[in-house]
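>>> build the 3D model from these lines:
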Amino acid sequence: MRGRGGSGPLVALGRGEGSPAAGLAGKDATGCRPAQGSGRTTPGLRRAARCAAFPAGAADYHWPSAAESPPAPPPQDRTMPNEHLQISRQGDQVRIMMARPAERNAFNQALIAELTEAFRSLADAPGARLAVLGGEGDIFSAGADVDWMRSMGSLGVEENVADAHRLADLFQSIRDCPLPVIARVQGAAMGGGAGLVAACDLAVAAEGTRFAFSEARLGIVPAVISPFVMSKIGPGPARELFLTGETFDAARAREIGLVGRVVPPAELDAAVEERAAALRAAGPEAQAAIKRLVPMVLAANSPAAMRDATTRLIAERRASAEGREGLGAFLERRRPGWVG
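The predicted structure follows:
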């Protein structure tokens with residue numbers, strides 16, 4: 001596994017603003033592209049690409065049947081240069097740590113690309129049950145790098161659109177990752193850093209952590225992160241925090257649902273592990289289906305189509321091997337096979 005500045009392969013990763021300069025320039029992307037790899041399409045990437053775009057409604061939403069779901073691919077090595085990330089595997093947990101502490105883990109093009117590839121790679125990672133996203137040093141992420149923002153400000157609209165698409169792909173790769181993702185948040189999560197927290201499935205923050213969607217104070221807008229933030233905290237809090245750009249504390253973040261747990265800094269890792277243990281109690285295939293279910297339900301505009309999609313989903317999950325194992329374990333008062 002390659003860390004920052006390393007050159008070794010990344011081995012099979014599991015299955016399945018302190019600074020106000022953290023604003024995000026550019027226009028929101030209207031769609032997302034399937035994962036791009038080395039020209040080879042793996043079964044895992046096909047599964048990820050199938051869920052990459054949110055439908056306007058559920059009428060054309062197709063839940064893959066059990067027969068369509070290919071078996072998990074065998075373990076494989078993946079070479080991934082990680083200049084700005086530290087990626088490690090601890091049992092069934094993949095830890096992805098932003099490693100630009102001197103820059104407060106602010107985004108630049110390289111970090112965006114590496115994070116996107118890291119989360120896309122998890123679709124092919126046998127054995128992993130969850131991922132943890134964090135940042136080295138005292139700050140989770142200050143959002144956008146000042147030099148990167150300055151360089152994009154000197155370019156035209158179309159160049160900024162292309163750049164914003166790449167940023168949108170990052171947030172979408174977290175949302176589409178088949179594994180549950182926990183954000184481990186300390187110090188500050190500003191602008192796009194707070195957007196990362198919103199894109200994750202669960203979030204644990206240390207007391208004293210500050211948050212802000214500060215883009216409006218820079219004369220820009222939180223466009224790219226808005227779908228992820230609004231689906232996490234709702235339009236009311238999002239409207240207020242987007243318009244004011246004001247900083248808020250971890251208690252407020254918990255109140256609006258941006259994070260689920262707030263703990264003393266010394267207890268942050270233990271709280272993350274507690275959430276990881278809770279995730280391990282659920283079926284991994286069911287969790288992957290739930291990650292597709294939630295955005296589909298939020299995007300639906302046809303009650304009839306939603307009824308068809310959700311009833312088919314529960315029927316297929318009941319008939320699946322994992323569903324039968326879970327029900328059997330419940331009736332027999334034993335642990336299901338996915339619980340070690």
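>>> now Ser173: closest residue in space that isn't a chain neighbour?
Using C-beta to C-beta, 6 or more residues apart in numbering and skipping residues adjacent in sequence, the residue nearest Ser173 is Phe119, 4.0 Å away. For every residue, glycine as well, the C-beta is placed using N, CA and C.
>>> surely that neighbour touches Gln172?
No: Phe119 lies out of contact with Gln172 (C-beta atoms under 8 Å); the separation is 9.1 Å.
>>> how far does stretch 214-233 sit from the chain's center?
16 Å (C-alpha atoms, centre = their mean, to the nearest Å).
>>> in that stretch, what's buried?
214-216, 218, 220-233 (16 or more other C-beta atoms under 10 Å).
>>> next: stretch 117-136.
117-125, 128-136.
>>> what does stretch 312-323 give?
Quick answer for stretch 312-323 (16+ other C-beta under 10 Å): Leu313, Glu316, Arg317, Ser320, Glu322, Gly323.
>>> out of the residues you listed, the closest to Ile87 would be?
In terms of C-beta to C-beta, no member of these lies closer to Ile87 than Glu322, at 27.5 Å.
>>> any idea how far the residue nearest to Ser173 is from Cys177?
5 Å (C-beta to C-beta, to the nearest Å).
>>> neighbouring contacts of the strand or helix carrying Leu331?
Element membership for Leu331, per DSSP states H and E: helix 321-332. Contacts to helix 321-332, defined as C-beta atoms under 8 Å, 6 or more residues apart in numbering, come from residues Gly283, Pro284, Glu285, Ala286, Arg317, Arg318, Arg335, Pro336, Gly337, Trp338.
>>> out of these, which are buried?
Buried among the contacts of helix 321-332 (16+ other C-beta under 10 Å): Gly283, Pro284, Glu285, Ala286, Arg317, Pro336, Trp338.
>>> narrow those residues to those in helices?
Among the buried ones among the contacts of helix 321-332, the members falling in helices (DSSP state H) are Pro284, Glu285, Ala286, Arg317.
>>> for the lengthiest helix in the chain, buried residues please.
Assignment by DSSP H gives helix 157-176 as the longest helix of the chain. Neighbour-count burial for helix 157-176 flags 163-165, 167-176 (criterion: 16+ other C-beta under 10 Å).
>>> run the chain-centre distance for that helix.
Counting by C-alpha atoms, centre = their mean, helix 157-176 comes out at 14 Å from the chain centroid.
>>> can you check stretch 305-313 too?
Distance of stretch 305-313 from the chain centroid (C-alpha atoms, centre = their mean) equals 25 Å.
>>> state the mean pLDDT of it.
For stretch 305-313, the mean pLDDT works out to 91.
>>> now stretch 172-180
96.
>>> helices of the stretch 101-250 of the chain, start to end?
With DSSP state H, counting those that start in this stretch, the ranges of helices along the stretch 101-250 of the chain come out as 109-121, 146-153, 157-176, 192-199, 226-233, 235-244, 250-256.
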